[in-house]
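Chemist: Take a look and give me a structure for this.
(chains A, B and C)
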Amino acid sequence: MSSSASSAAAGGPAVFPEHHYLNNGTTVRSWLLTLDHKRIALLYLSVVMVSFLLGGIFAMVIRLELLTPGPTIIEALTYNRMFTLHGVVMIFLFMIPAIPAVFGNFFLPIMIGAKDVAFPRWNLVSFYLYFAGAVLALWGMLNGGTDTGWTFYTPYSTTTAQGVLPVLLGVFVIGFSSILTGLNFIVTIHTLRAPGITWFKLPLFIWALYGTAIIQVLATPVIGLVAMLVAAESAFGFGFFDPARGGDPVLFQHLFWFYSHPAVYIMVLPAMGVISETISAYSRKNIFGYSMIAASSLGIAFVGFFAWGHHLFTSGQSAFDAGAFAVISMLVGVFTAIKVFNWVGTLYKGAIAFTAPYAYICGFLFFLVFGGMTGIALATVSLDIHWQDTYFVVAHFHFIMVGAVIMGFLAGLHYWFPKMFGRTYHEGWALVSAALIVLGFNATFIPQFLLGNAGMPRRYYEYPERFQALNVASTAGSSLLAIGFIIIAIYLGFALKYGPVAGPNPWGSRGYEWMTPSPPPTENFDVTPTFAHPPHDYTEDAVGDPDFAHARTT
Amino acid sequence: MEATSARVMTAEGYLAPPPTPHHYEGNPAAHKHAVRFGMWLFLATEILLFAGLFVGYAVFRTDFPEAFDQAARHLSLFLGTTNTLLLLTSSLTVALAHHNAEHGKNRNAFWLLLVSIAMGGGFLCIKAIEYTEKFREGALPGRFFAFSEITAPGGPMFYVVYFFATGLHALHVIVGMSLLTWVAIRCWHKEFSPTHYAPVENAGLYWHLVDLVWIFLYPLLYLV
Amino acid sequence: MNGDLLDTDWLRRLLWLPEQASTFAVSVDRLHYFVIITTMVMSGLTGALAFYFFFRYRRLSENQTTPAVHPTVGFEVAAVSVPLVVFLAWFVIGFGDYAKLANPPPDAMDVYVMGKQWMWKFAYPDGPNSVGVLHVPANRPVRLLLTSRDVIHSFYIPAFRLKQDVLPNRYTETWFQATKPGRYQVLCAEYCGTQHSKMWATVVVLAPEAFDAWLKEQQRGLVARADILADPDMVSIQGNLVEQGKRVAMEQGCLRCHSINSAVNDTERHIGPTWVDLYQRPTKLTTGDTIVADEAYLTESMMEPNNKIVAGYQPLMPSYQGKMSGPDTAAVVEYIKSLRSDSAELQPVKGPVYEQLRQ
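Modeler: Numbers count the residues shown, from 1 in each chain, chains lettered A, B, ... in the order given. So this is what the prediction gives:
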């Protein structure tokens, strides 16, 4: 049994299954109106990748413009529109749906032994809302030229001559999509777990998605309301946030960050879940402190709701508020630290294979710790006075949102690619691009930390000459990053069609999703497994589990 | 949603319940729970949507207590109270409709829902009368404000909150009425039975939420 | 304190921090070093540990099994409490500094700061005002009272490690004590539109005696050194009539009796009527007539000041007939015309009411 398993893992006799979700209906209609969570995940994947490409192009334009202190390639107004585009596209169109809507949709039902999510129709509605919102927002920004930054701070956003209405409506519609996804996930986890999967046998990715979904459901309505208020204000001049009419611009900041701070955890929690899955699979090791990691996901989701005020330390907030928000922010750091310790603990006595996803895991750990601790540093109120709204903040949140989240996304993409498409990719190129991305990322953003120290504010089109050396370094680093992503696109695109057939479980992983053929059948499992062992269990006893042996030889 | 014509009328006088969706096969109880749970989660998002407005109300009331006081006294307490009674009563009839549908008494449920929808319509008519009055007086938000009787600064801010909160609420009333109409039509077709009444329950829950929001808006705007 | 024992200036340079020109900068940087070193050590340790484990526990066979290892309670308690203690240590130090920043010392000197797209204006309660250049004394606390005329800005002096958002229709405050005479850049840190990245100003820190001399000079109405020191982008010395009028008004001593500072004209009664909003204002005279203060009236008041006296004022003003050239007179009129109460000080102000710090 084990000999056939290992030969399958080596790619020998593995055969592509005859019937799977990809060839169950090949018409355009069967894709666009599908209710299959796996196909919806692929619809999301395609739009999310286009968004990432666009956001990346905007980022490169920004970096090129910042090569010289004066005007370089574009005008000031174009530059301001460009960073707005970059922020809105990367956050609302890419980062928020990236892991939950793609990998969450695809793997959540499989990982709990279900055939689909609780409400498949709403799942499809959610995708189309996202698509419509994305088109609306992009059209609005390209056509009207929104120049407010993705934060839409009032009263600038309500008085600027550039159009802000379409992008706000787009954000509102995308918010609805996000709510529906989160709601669907919570209900699915509650009602569709297969017999044998108790709450404490849930894979950690599911726990992370659960925490994420709570935030999506509870925080998103507030950004919906804020988007409506700002839109109404810029259209009719109602004055909710306009000080000249008695309104309060700082109220906007409170309401905005009440969503947008937890939204950071909508982005990063799923990435943490991916890391929990992959770190266990590539070290063939049970998760050290499973319940601590699961609980800290919920802890971050909960505490994240009360930390928003640390974005307002310089806005004239009272010292008491600042202190309270600072301490709460530190609790987020403690929960994150628990996860980091337990991940590193997982490696102890493991059996580690250095693969591309493992490279991303190492990158993730470094970026999360550095980015996270600089976040705590920013919450240390007196330091924030210097760093607020400088490149230090930019570097910090890129460490978390690009460093950690994209490492998580890429680790997940490489880990699950064989499951999703039934084929494997070229490991050598994967390692090359992983190295380029981790290095390029450091080269891009470490200079930005220093720029922040030196006092360069964010959203600067021109800057004093003393900042130039670091800006050039950052731009150089970003081109490495771009090359890394292009390589990934090429070898994964190639693998999609010509990659070696993967077989059900090329990594020998113990995750539940590897108990079914790759790509999975439409109903996810030909025979529903019994889930006798918890996930992430690599002990002698569990590895002999006939469910897995069966899966690997199919 | 499901093709109702294909379903058989049972001896009790209602249609046989639709089959449990394939991914809940063999576990109808879980499906029922999922539908109800999903609705409760959705209601949670609605409450947070209004919560933002209540925060705005609190901030501006603190900033401009006198204007809020004056403006509140200019609202018609009679119309507001009538509307409150209408909505509360309609919630009762919706609850009764739910009860009847659950026992397969589709016709009773239909008429009760119709009464509820009518009361929702009445609520909107009265709201329209109040709005017309405000437009006539110039008691409007932001730059449209032209109401001389409010002398304290911050008058426009009251009307921003007033129109946003009641407008958003009215929108929810309209959505709620549409939902009630949809389940009323299904009641007419005798679709609901002791094993299948989730749509009535969920539409009813939504209507109760609309009611609940008003129960907060009414004292904040009219009474305090 | 331990500056002799441990010279941290190389660390400051390594981290690209600007020079330390305020008392706040020194204490903030000390925390900065602590925080950044802990961060680097922790992230380095995490990376090194992952690396070490990779070598120590390389995969030996395809289907290798591993023992199930679970953390002890002691480990988890440590995993929670060690970071918590470290973070709280940062917080306690940082919050101490922040609390100091939130409470200006009672002997601080006040300066009003107004941000508008895209420039900074400064005004002293009893002295000159300027665009783009702020003069402050070294080694004396200075309190800034900030407001904006349009959107939100943020007043940022990297060398002082100081930043404060500037809000329309509301005052915010902050304070600093500069330590070294010199010129330091002010930047706008809150995105405020097309020219956001050019919304700069300069802080000129003078030695205390030099500052006193400068202030006296300003008040005596001699040529404004502010203008000489000013960034040429911001203020041109004789660039237009208004600037010339302002200079003439200072030289002629007009400002000893007429206020031009909307920030203080409510609290301080001057000998003559304020110039702010004077132009085109219907003015009641001692004779009971009401006239509109147009160009003709303004010119006449300089030449024949006691012809038409504003109600409530004494006929004290000397004639400037022959003391001022035609162009200078016109320049002063233009200057008066330019003084609009556009600054938010005259609008209803929200937020805390500031107690007078200095007696």
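Chemist: domain ranges for chain C?
Modeler: C:9-62+C:70-102, C:109-235, C:256-345 (automatic domain parsing).
Chemist: By mean pLDDT, which helix or strand of the chain comes out lowest?
Modeler: In the absence of a named chain, this looks at chain A. Ranked by mean pLDDT, DSSP states H and E, the weakest helix or strand in chain A is helix A:2-9, scoring a mean of 39.
Chemist: looking at chain C here, not the other one
Modeler: Using mean pLDDT, DSSP H and E, the lowest element in chain C is helix C:225-229, with a mean of 41.
Chemist: Would you tell me what the next helix or strand after it is?
Modeler: helix C:241-252 (DSSP states H and E).
Chemist: helix/strand/coil for A:M272?
Modeler: Secondary structure for A:M272, judged by DSSP: H, G, I helix; E, B strand; the rest coil, is helix.
Chemist: Neighbours of it, how many?
Modeler: 29 (other Cβ atoms under 10 Å in any protein chain shown). The way it works is simple: take the backbone N, C-alpha and C, and place the C-beta from them, glycine included.
Chemist: Phi first, then psi, for the closest residue to it other than its chain neighbours.
Modeler: Leaving aside its sequence neighbours, A:M272 sits nearest to A:A208 (Cβ to Cβ, 6 or more residues apart in numbering or on different chains; 5.4 Å). Phi and psi for A:A208, reported as degrees, to the nearest 10, are phi -60, psi -40.
Chemist: Let me know how buried A:A208 is, in neighbour terms.
Modeler: Other residues near A:A208 number 33, with proximity taken as other Cβ under 10 Å.
Chemist: how close does it sit to A:V334?
Modeler: 17 Å (Cβ to Cβ, to the nearest Å).
Chemist: what's the span of stretch A:19-26 from first residue to last?
Modeler: 12 Å (Cα to Cα, to the nearest Å).
Chemist: Ignore what I typed, I meant stretch A:305-318.
Modeler: 19 Å.
Chemist: Need the mean per-residue confidence for it.
Modeler: In this model, stretch A:305-318 has a mean pLDDT of 91.
Chemist: Stretch A:182-194 too?
Modeler: Stretch A:182-194 comes out at a mean pLDDT of 95.
Chemist: same thing with stretch A:48-64?
Modeler: Mean predicted confidence for stretch A:48-64 is 96.
Chemist: Just confirm yes or no for it near chain C.
Modeler: No: applying Cβ under 8 Å from any Cβ of the partner chain, one finds stretch A:48-64 separated from chain C by no less than 12.7 Å.
Chemist: SS state for residue 50?
Modeler: This is for chain A. Assignment for A:V50 (three-state DSSP): helix.
Chemist: Do you know the pLDDT at the closest residue to A:P457 other than its chain neighbours?
Modeler: Excluding the flanking residues, the one nearest A:P457 by Cβ to Cβ, 6+ apart is C:A189, at 4.1 Å. pLDDT recorded at C:A189 is 95.
Chemist: again with C:S236
Modeler: Reading off the model, C:S236 has pLDDT 31.
Chemist: rewinding a little: could you point out which of the domains of chain C sits nearest B:W207?
Modeler: With Cβ to Cβ, the closest approach to B:W207 among the domains of chain C belongs to domain C:109-235: 41.8 Å.
Chemist: List, one by one, the residues from the stretch 151-300 of chain A near chain C.
Modeler: Counting by Cβ under 8 Å from any Cβ, the stretch 151-300 of chain A sits next to chain C at A:153, A:155-156, A:159-160, A:243-244, A:249-250, A:283-286, A:288-289, A:292.
Chemist: Please check these and keep the buried ones.
Modeler: Burial by neighbour count, 16 or more other Cβ atoms under 10 Å in any protein chain shown: within those this picks out A:153, A:155-156, A:159-160, A:243, A:249-250, A:283-286, A:288-289, A:292.
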